[in-house]
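Trainee: Prediction below, plus the sequence it came from.
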Amino acid sequence: MASVVFVLSSCVSFILVSNAFSTKDDADVLHDIRSAYDEMKKEVSTLKEELKLMKQKHCECATKVDSYNNKIPRFLVPNGQAPVAFHTHLSANFNVSSNHAVAYDMVKINVGDGYNKFSGIFKAPTAGLYFITNTVMSMPNHGIHVEIVKNGVAIGKNWADHNGYESGTMSVITDLDVNDSVWVRDSDGGTERLEHDYNSFSGFLIYTEY
Ligand SMILES: *[C@@H]1O[C@H](CO)[C@@H](O)[C@H](O)[C@H]1NC(C)=O
Ligand SMILES: *[C@@H]1O[C@H](CO)[C@@H](O)[C@H](O)[C@H]1NC(C)=O
């Protein structure tokens, strides 16, 4: 009987001891997992905070880039936008009467196809700010007076005196809408003569509206 009790009690104590050991191991593992979890939780919250800051910064940058892009004038038309430029001159003496357009017949460049050599009218294919220039040359005893007109209204005057082979140049910078018309017309009454190919009419789009 005593031996049975002994065996039983040693069994029980063995179970208790081994239980105690295994409980301690579990607690350790649990503890480790817990601290790893806490550590990760901290890291995640730090990362979240950093992500939030980065998102804010990204947002600020994107806004800045947007407003910067919106403010850049599109000088001389970037890729993807159609440029506009024309350069013309007379091929021979040209008599023009009062209020009539000078039809420059030699078309050297007509990017955008805005200029019509039969009417002498440049019609803006694109809205924007344009540089337009005109040069005249007079013949002896006949001065020449012209003006650049936009939709029929003078926006610049040009003159070469009657001493002969005098030259005048006048340039304007003007806003044009699509289909606004610009041309050179005689402004002096009577008929005047422009001397040969020393007379030119040119222009180009500086930048499109934004
Ligand atoms: C053009 O004008 C000039 C100067 O006024 C004149 O001598 C000439 O006869 C005119 N030519 C024509 C074809 O009208
Ligand atoms: C410009 O003129 C052309 C030809 O007359 C026409 O087809 C077009 O609709 C006009 N565009 C604008 C914006 O007025």
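Mentor: Sure thing, it's come through. Ligands and ions are numbered 1, 2, ... in the order given.
Trainee: Toward the C-terminus, what is the element adjacent to the helix or strand of the chain with the lowest mean pLDDT?
Mentor: Ranked by mean pLDDT, DSSP states H and E, the weakest helix or strand in the chain is helix 2-71, scoring a mean of 75. Following helix 2-71 in sequence order, the next helix or strand is strand 85-89 (DSSP states H and E).
Trainee: what's that next one packed up against?
Mentor: Judged by 3 or more C-beta pairs under 8 Å, 6 or more residues apart in numbering; DSSP states H and E, the packing partners of strand 85-89 are strand 106-111, strand 200-208. Every residue, glycine included, has its C-beta placed from N, CA and C.
Trainee: relative orientation of it and strand 106-111 in degrees?
Mentor: 180 degrees (axes from the mean of the first three to the mean of the last three C-alpha atoms, to 10 degrees).
Trainee: How about the residues of this protein by ligand 1?
Mentor: 95, 142, 191, 193 (C-beta under 6 Å from any ligand atom).
Trainee: What distance do you get for the first one to residue 125?
Mentor: According to C-beta to C-beta, to the nearest Å, residue 95 stands 30 Å off from residue 125.
Trainee: now residue 205
Mentor: 9 Å.
Trainee: neighbour-wise, which of residue 95 and residue 125 wins?
Mentor: residue 125 (17 against 12; other C-beta atoms under 10 Å).
Trainee: Torsion angles phi and psi at the closest residue to that one other than its chain neighbours?
Mentor: Closest residue to residue 125 in three dimensions, ignoring its sequence neighbours and counting by C-beta to C-beta, 6 or more residues apart in numbering: residue 112, at 4.4 Å. Note on residue 112: its backbone torsions stand at phi 100, psi -10 [degrees, to the nearest 10].
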